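S.K.: Coordinates for the following, if possible.
(one chain, ligands or ions: 2)
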Amino acid sequence: MRSRIIKKTLDDLPVAPNWVDSVQAREHFSWAAQMCGLSGLPGGGLNLAYEAVDRHAQRDAGPHTALRILDRNGGHRDVSYAELSVLTNRFANVLKSLGVTPGARVFVLCGRGLELFLGVLGAMKAGCVVSPLFCAFGPQPLETRLCLGEAYVLLTSDALYRRKISTIRDRLPTLKHVLVYNENAEDIAPLEGALNLHQLLAEADDHFSIACTTADSPALLHFTSGTTGTPKGVLHVHGAALTHLVSGKYALDLHPGDIYWCTADPGWVTGTSYGIIAPLLLGVTCVIEGFEFDAERWYGILEEQQVSVWYTAPTAIRLLMKAGAALAHNHRFPCLRFIASVGEPLNPEAVWWGKDVLGLAIHDNWWQTETGGIMIANTVAMDIKPGSMGKPLPGVEAAVVLRNADDTLQFLGSDEVGELALKQPWPAMFRSYLGQEERYRRCFVGGWYLSGDLARRDADGYYWFIGRSDDVIKSAGHLIGPFEVESSLMEHPAVAEAAVIGKPDPLLGETVKAFVSLKSGFTASQALHDELLGHARKHLGAVVAPKELAFVDTLPHTRSGKLMRRLLKARELGLPEGDTSALENPS
Ligand code: ATP
Ligand code: MG
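M.R.: Ligands and ions are numbered 1, 2, ... in the order given. Prediction:
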């Protein structure tokens, strides 16, 4: 039986941690004091891209490698902070030469290469609002997001343009300029209605006078994952830099000199907040790789690039677990000192797998597109309770609440289940849901933001994820969180992944049905079916354990790797599937 806690001592940590949790340290924290980690624009105001790039370039860190961009053939290109500063200036000048003014929406549909960084950071220098899109989206989800976000400029590769944009271009009335490049840095044949990015960059000036943005100027437009319904457009401001800086320092423990790898795609908020902004704010070197998942290559990257801090997601970890420990044991990771995960609940099995196989426990943290940055985390010096999301970061006040019918809040005590709420404001708090003012307003009650996730806080102040309010199952008067049931199933050696849903039941309200995919080497059978149900009953009790179980080859995920339980439920009950634009492998 595993212990319920992974103890940490400061002596075990190879680098002195940025954050050691204590009541005193929390009391001394203030956002105002943290502002000294940013410099502000020389003439006043705040700009995310200036803080992330130019601030370092103008100091001693100019020659330091900002980006190490890996190619498919084992080669790489290093880009220094100084070079990135000049190139992003040029991109901002390109926008200016096209007459693009501050506030305009610049969409970036780029693979994880240099152009992505030029587009995101250069557009922010020009005071534009940037929206990174996921390259794997088909024309329809792209059209939805480009229309909803009123795209004015689009940066993309010529191949993506031909495959995905040319057919919808006529239906994008606000889109004035399309900039294209070739992913292999080759010359591109002229494309009707599109401009050649690299030609324009070559003609652009190296210097740019950054737009007069302030902490309240809009900077980023993200779309939520669409796990529970139609993706929402979420607007963030330049002031979010402070949350990114502090969370990068305290939740990811980034130090100067770190080699950092974030595996998230910038089409999702993690890939922007922690794939671009936070690490650059902290002046570290980012490893950039954007090819399909491949366990062998991933281990190779961790080893060869000497990654010290790695931020990934539960689905990726589950895929590595599925690939087997032997593959990991072919590699050595002496530089790796911290692993974190976000996006979905991290099963205790996965936390322990990290410790057993990679030599480091995996640190779960929680946040949302709406929060803009990490809010609750297992930080490097904290004891880990596997299965818990950790504790609120300094500067973040969290609570577990019930929303009363009269729109007041009831604050719950230890171990009571309710909605996870955050005291407003914090620097990266979202400023609107695009075109949905009423929905935005309804997220806030009495000075608190209600997240829509259910959680409980234990007596030691650790938060435990129960489920999204839409996914929680109510059976025989009990509230059942899918995560607890799925984690229990995943403890069985045959199970690669599990998802559970509630099925209407005239007697019990709902009953639990599980969908399970198996690890290689295991075959579905009646005996295994019964064994899994028995295993769940033994560990969870008859009320919480699934009554039904089905074997499936794969489970439906969003492109950001989240289980789409609502889709399993719709299919099971023969209901409409709703918005599936974010589905990973639409059939
Ligand atoms: P949509 O809002 O469109 O349904 P989404 O909520 O999945 O999509 P994101 O903002 O990308 O979109 O994801 C945030 C959500 O992901 C959280 O509200 C939570 O439900 C889940 N999540 C993120 N991190 C964790 C975690 N560490 N543990 C449990 N759940 C997590
Ligand atoms: Mg959400």
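
S.K.: residue contacts, the closest residue to Leu282 other than its chain neighbours?
M.R.: Spatial nearest neighbour of Leu282, chain neighbours left out: Leu254 (4.4 Å); criterion: C-beta to C-beta, 6 or more residues apart in numbering. In short, each C-beta sits where N, CA and C put it, glycine included. Neighbour list for Leu254: 18, 248, 260, 278-279, 282, 284, 309 [criterion: C-beta atoms under 8 Å, 6 or more residues apart in numbering].

S.K.: Please tell me how far Leu254 sits from Gly390.
M.R.: Distance from Leu254 to Gly390, counting by C-beta to C-beta, to the nearest Å: 17 Å.

S.K.: same deal with Glu150?
M.R.: 38 Å.

S.K.: So between the two, which is more surrounded?
M.R.: Taking other C-beta atoms under 10 Å, Glu150 and Gly390 do not tie; Gly390 has more neighbours (25 against 19).

S.K.: ok, how many other residues are close to the nearest residue to the more buried one once chain neighbours are set aside?
M.R.: Spatially, and ignoring its direct neighbours in sequence, Gly390 is nearest to Asn378 (3.6 Å; C-beta to C-beta, 6+ apart). Per other C-beta under 10 Å, the neighbour tally for Asn378 reads 27.

S.K.: Next up, the contacts around Asn378.
M.R.: 340, 363-365, 384, 388-391.

S.K.: 10 Å - rerun?
M.R.: Asn378 makes contact with 6, 8, 251, 340-341, 346, 351, 361-366, 384-386, 388-391, 462, according to C-beta atoms under 10 Å, 6 or more residues apart in numbering.

S.K.: near ligand 1, which residues of the protein show up?
M.R.: For the chain, the residues in contact with ligand 1 (C-beta under 6 Å from any ligand atom) are 224-229, 231-232, 268, 342-345, 364-366, 368-369, 389, 451, 453, 465, 468, 560, 562.

S.K.: Strands - which of those residues land there?
M.R.: 364-366, 451, 453, 465, 468 (DSSP state E).

S.K.: for the lowest-mean-pLDDT helix or strand in the chain, packing partners?
M.R.: Ranking every helix and strand in the chain by mean pLDDT, DSSP states H and E puts strand 478-480 at the bottom, with a mean of 82. The contact analysis (3 or more C-beta pairs under 10 Å, 6 or more residues apart in numbering; DSSP states H and E) places strand 478-480 against strand 463-468, strand 473-475, strand 509-518.

S.K.: ranking those by burial, who's on top?
M.R.: Neighbour counts (mean count of other C-beta atoms under 10 Å) averaged over each of the helices and strands packed on strand 478-480 peak at strand 463-468, with a mean of 22.

S.K.: which strands and helices sit next to it?
M.R.: Checking 3+ C-beta pairs under 10 Å, 6+ apart, strand 463-468 ends up next to strand 362-366, strand 376-377, strand 398-403, strand 418-423, strand 448-457, strand 478-480, helix 482-490, helix 565-573.

S.K.: let's see 7 Å
M.R.: strand 448-457, helix 482-490 (3 or more C-beta pairs under 7 Å, 6 or more residues apart in numbering; DSSP states H and E).
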